[in-house]
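K.L.:
Turn this into a model:
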Amino acid sequence: PLFITYTSGSTGRPKGIVHAHGYLAGVMMTMQCSFEPIPGTDIIFVLASLEWITGQSYMVAGSLSSRVTSLITRSNPVSPYVAHFAAMIDQYGASILKGGVSYLKLLMSKELGATELRKFDKSTLKVASFCAEPCSPAV
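P.N.:
Next comes the predicted model:
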């Protein structure tokens, strides 16, 4: 196996899901089709936990297989302050953003969040991809 992830356990005991090497080929394909990463140049920032499949897919497997730098932070996107993820993009020059739209919708719906986001330079971003639900115009 390539790795094993466990379901959340919301409907019973968590179940281990074995991901085989074909999974890596699929992640490499989605990296190329979705982001067109430039090896050694692009920096991907994934707004997801390493425990989630999105974190494993793009923060780890996708970045390594595409030979791009992965920006990993030990805190969550809103800690220690609401626009922490935007500060990370500004500071490290992330060019690819991948994350769940729920967090961004919540952030953009609050005036403080929208105001804080405007303070940071995000011009290095060339592409952003969102998952889990449809993206709203506010995002």
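K.L.:
contacts, neighbours, all on C-alpha from now
P.N.:
OK.
K.L.:
separation between T69 and L125?
P.N.:
According to Cα to Cα, to the nearest Å, T69 stands 14 Å off from L125.
K.L.:
again with K105
P.N.:
Between K105 and L125 the distance is 18 Å, computed by Cα to Cα.
K.L.:
again, but for I89
P.N.:
8 Å.
K.L.:
neighbour-wise, which of those two wins?
P.N.:
Neighbour totals were compared for I89 and L125, and I89 leads with 23 against 18 (other Cα atoms under 10 Å).
K.L.:
Assign the residue sitting nearest the centre point of the chain to helix, strand or coil.
P.N.:
The centroid of the chain falls nearest to V46 when counting by Cα atoms, centre = their mean (2.0 Å). Judged by DSSP: H, G, I helix; E, B strand; the rest coil, the three-state class of V46 is strand.
K.L.:
How about T41?
P.N.:
T41 is classified as coil under three-state DSSP.
K.L.:
mind listing what's buried in stretch 42-51?
P.N.:
42-49 (16 or more other Cα atoms under 10 Å).
K.L.:
All the strands of the protein, residue numbers only.
P.N.:
With strands called from DSSP state E, the chain shows them at 3-6, 16-19, 43-47, 69-71, 96-100, 127-131.
K.L.:
From the rest of the structure, what touches the second one?
P.N.:
By Cα atoms under 8 Å, 6 or more residues apart in numbering, the list of residues contacting strand 16-19 from outside reads 1-7.
K.L.:
Now render those as TSV, adding neighbour count, pLDDT and distance to V27.
P.N.:
As requested, those are arranged in TSV below (neighbours: other Cα atoms under 10 Å; pLDDT from 0 to 100; distance: Cα to Cα, whole Å):
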residue	neighbour count	pLDDT	distance to V27
P1	10	83	15
L2	11	82	12
F3	12	84	13
I4	11	87	15
T5	15	84	15
Y6	14	85	19
T7	14	83	19
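K.L.:
Would you mind checking which of these is nearest to S129?
P.N.:
T5 (22.4 Å; Cα to Cα).
K.L.:
Make sure that closest one is actually in contact with I53.
P.N.:
Yes. At 7.5 Å, T5 counts as touching I53 under the criterion of Cα atoms under 8 Å.
K.L.:
rewinding a little: now distance to K119 too, for the strands of the chain, in CSV please.
P.N.:
Listed next are the strands of the chain as CSV, based on distance: least, Cα to Cα, whole Å:
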stretch, distance to K119
strand 3-6, 37
strand 16-19, 40
strand 43-47, 19
strand 69-71, 20
strand 96-100, 18
strand 127-131, 19
